[in-house]
Structure formats: structure tokens, C-alpha cells
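In: Task: produce atomic coordinates for the following.
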Amino acid sequence: MRDIPMPTLPFSDASVGNAPRRTPAANHAAPRLHVSWARDEAEVREAQRLRYKVFAEEMGARLSLPNGSPKGLDIDAFDAFCEHLLVREIKHDGSQGKVIGTYRVLTPAAAKRAGGLYSATEFDLTRLRSLRERMVELGRSCIHPEHRSGGAIMALWGALAEFMLRNELDTMIGCASVSMRDGGHFAASLWKQLEKTHLASIEWQVRPRLPLPVDDLRHDMAVEAPPLIKGYLRCGARILGAPAWDPDFNTADLPMMMRIQDLPARYRRHFME
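Out: Next comes the predicted model:
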């Protein structure tokens, strides 16, 4: 899950359904949304264009792109192995607009073909080995800055829940990113706070390969988790250990895991019934 910024978590291989999913409008001002899985390279490019806008232009990330990559796209070596989930706004005339939100999903079989998980480049995931056959990795999630009121992320989560059920998968992991524009003090304080309340049991804990230097930063600030992380925690997610430092994105990345069995009843009814 690389999830900043938002009103602000990379399954057996199975065919991915492309049937539209729309979120009901709470009022006349709420946009209608269409969620689908990318069916071809052109649709994947739309997701990569949005990612570039958010990560490179808005956040100032230094992207390491494969040689020959088209300009204005965020592309990495894992994209070719992932399923890409897209959300679009439906225009007044009923036609589909541009992609305003995205997640990418790396299934267990695809992870084997890719040679591993993106998260493994930041963390030692040895303790999660027993979960691999039914565990997906979520990543590169982002929402267009004009559509961060919450509807888009809820639509994406609904489609992810359907995908998990359809493919008999039960665990999602990813990296939840926190900006380090303040030098990392907010991220260090957030980790120290969540360590007390939402840390996973020792059997699932992972270690960062490049740890955030928490002891060198302020970590006693009273902080509130960004909305997306707060949403994950409400759904039963756990923090898997101390954050990694990603200098290219200038973020502290918290390893997170969400299991279907830990989903509170009210969210299970909302997303899965």
C-alpha cells in the first residue's frame, strides 16, 4: 500500500471480473463512481499517469523508472505482474471520466513470477512466510486531489473485498506511507503511539531494512493518524513493526496487515454482504 496523500493497505491467480461497481450517492452532490479492473495496457497507463501526478508532481518523489519509460508515468518492475484496480467518476451524460483513484494488487502466484513482493525491498518478511499462499500485497494506492472526500476509497475497498472473497484469500499487506516533510518527527511520534495500541503479535512482526531513525527524532508529539491509516485500523489492521525510511519518496513506511477474520462485523456487512 503506498497510500499518501489521501484525505489522507501489492491471491491464487484467477480471472478478474470487470463488472462495474457504483457507489450510491448520498445526495445529489455526491459523484457517481465506476470501479473496474484494468483490462489492457492503456488502462494500466491511466493508473500510472495518476500515480505520477500524485507521487512525483504533488509529493516530489524521485521515481526510478525503467529505461525507455514514457514521460509522465510512474512505472516499476512489479506493475507487469499486478492487477490494477481503477475508479472513475461518471460524468453527467453517463459516460466514464478519467481515472481518479487506483490500487494495484499482487497475488501469491504473481508474486512468485515477480520474484517476490515489493514490501520485501523495504522489510524482512520472513515471519509472514506461512501466510503467503493466501496473502495479497496492495500497493501504489492514490486518489486524485480533487476527489479525496472518501467515496473513491470506499468504492476501491468494496471491490478489493469482492476480489478477496472470489479468490478465497484472507490476508492483505502493504506499506502505509507517512510524509517526512517535517523531518520525520510526525512519523516517529505516530509509530510510538501505534506501537502501544495496534502492534501485531510477535509471530507476525517484520524488520525494516532501512529503519527510520526514531531515536534521533522527536517521538513524543501528540499526533493523529492520517485518515487512510485510521481507516485501516478501524477495519482491524495491525502494524507489523517499526517504519522503514524511503528516501526516494521522502516517507516513513509503516508495514501493515489486515486479515479478513479480524474485520469488525459492521465492516464485514458493508463490504462483503
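In: Compute the distance between Arg132 and Asp253, please.
Out: Arg132 sits 20 Å away from Asp253, going by C-beta to C-beta, to the nearest Å. For every residue, glycine as well, the C-beta is placed using N, CA and C.
In: The two - which one has more neighbours?
Out: Using other C-beta atoms under 10 Å as the criterion, Arg132 and Asp253 rank with Asp253 on top: 26 against 13.
In: On the pLDDT front, check Gly231 for me.
Out: On the pLDDT scale, Gly231 is placed at 89.
In: following the strand or helix carrying it, which helix or strand shows up next?
Out: Using DSSP states H and E, Gly231 sits within helix 227-234. Where DSSP H and E defines the elements, the next helix or strand beyond helix 227-234 is strand 238-239.
In: How about the backbone phi and psi for Asp253?
Out: Backbone torsions of Asp253, given as degrees, to the nearest 10, read phi -110, psi 120.
In: Run through the bridge partners of the residue nearest to it when sequence neighbours are not counted.
Out: In space, Asp253 comes closest to Cys175 once its chain neighbours are excluded; the distance is 4.0 Å by C-beta to C-beta, 6 or more residues apart in numbering. Beta-bridge partners for Cys175, by DSSP bridges, are Pro255.
In: Does Cys175 touch Ala244 like I think?
Out: Yes. Contact criterion C-beta atoms under 8 Å: Cys175 and Ala244 qualify, at 7.4 Å.
In: Between the two, point out the one with more neighbours.
Out: Neighbour count, other C-beta under 10 Å: between Cys175 and Ala244, Cys175 has more, with 29 against 23.
In: From Leu33, how far off is Leu160?
Out: 14 Å.
In: Pass me the low-pLDDT residue ranges in the stretch 151-273 of the chain, would you?
Out: Where the stretch 151-273 of the chain drops to pLDDT under 70, the residues are 273.
In: redo that, cut-off 90
Out: Where the stretch 151-273 of the chain drops to pLDDT under 90, the residues are 151-155, 226-228, 231, 263-273.
In: the strands in it, which residues?
Out: Secondary structure of the stretch 151-273 of the chain (DSSP state E, counting those that start in this stretch): strands at 171-179, 207-208, 238-239, 244-246, 251-259.
In: Quick one: end-to-end distance for stretch 143-155.
Out: For stretch 143-155, the first and last residues are 12 Å from each other (C-alpha to C-alpha, to the nearest Å).
In: buried residues in it?
Out: Going by neighbour count (16 or more other C-beta atoms under 10 Å), the buried part of stretch 143-155 is Ile143, His144, His147, Arg148, Gly150, Gly151, Ala152, Ile153, Ala155.
In: ok, so what distance separates the fifth one from Met257?
Out: Looking back up the chat, that one is Gly150. 23 Å.
In: got it, and Arg234?
Out: 15 Å.
In: okay, those two: which has more neighbours?
Out: Between Arg234 and Met257, counted using other C-beta under 10 Å, the more crowded position is Met257 (23 against 12).
In: List the contacts of that one.
Out: Going by C-beta atoms under 8 Å, 6 or more residues apart in numbering, Met257 touches Leu9, Leu128, Thr171, Met172, Ile173, Ala200, Trp204, Ala237, Arg238, Leu240.
In: For Gly151, see how far away the last one is.
Out: Using C-beta to C-beta, one obtains 29 Å as the distance from Leu240 to Gly151.
In: try the second one
Out: Applying C-beta to C-beta, the value for Leu128 to Gly151 is 32 Å.
In: The third one now?
Out: Thr171 sits 26 Å away from Gly151, going by C-beta to C-beta.
In: Would you mark the buried spots in stretch 263-273?
Out: Neighbour-count burial for stretch 263-273, counted by 16+ other C-beta under 10 Å, picks out Leu263, Tyr267, Phe271.
In: Select from these every entry located in helices.
Out: With DSSP state H as the criterion, helices contain Tyr267, Phe271 from among those.
In: Quick check: of the buried residues of stretch 263-273, which lies closest to Thr102?
Out: Within the buried residues of stretch 263-273, the smallest distance to Thr102 is 18.3 Å, found for Phe271 (C-beta to C-beta).
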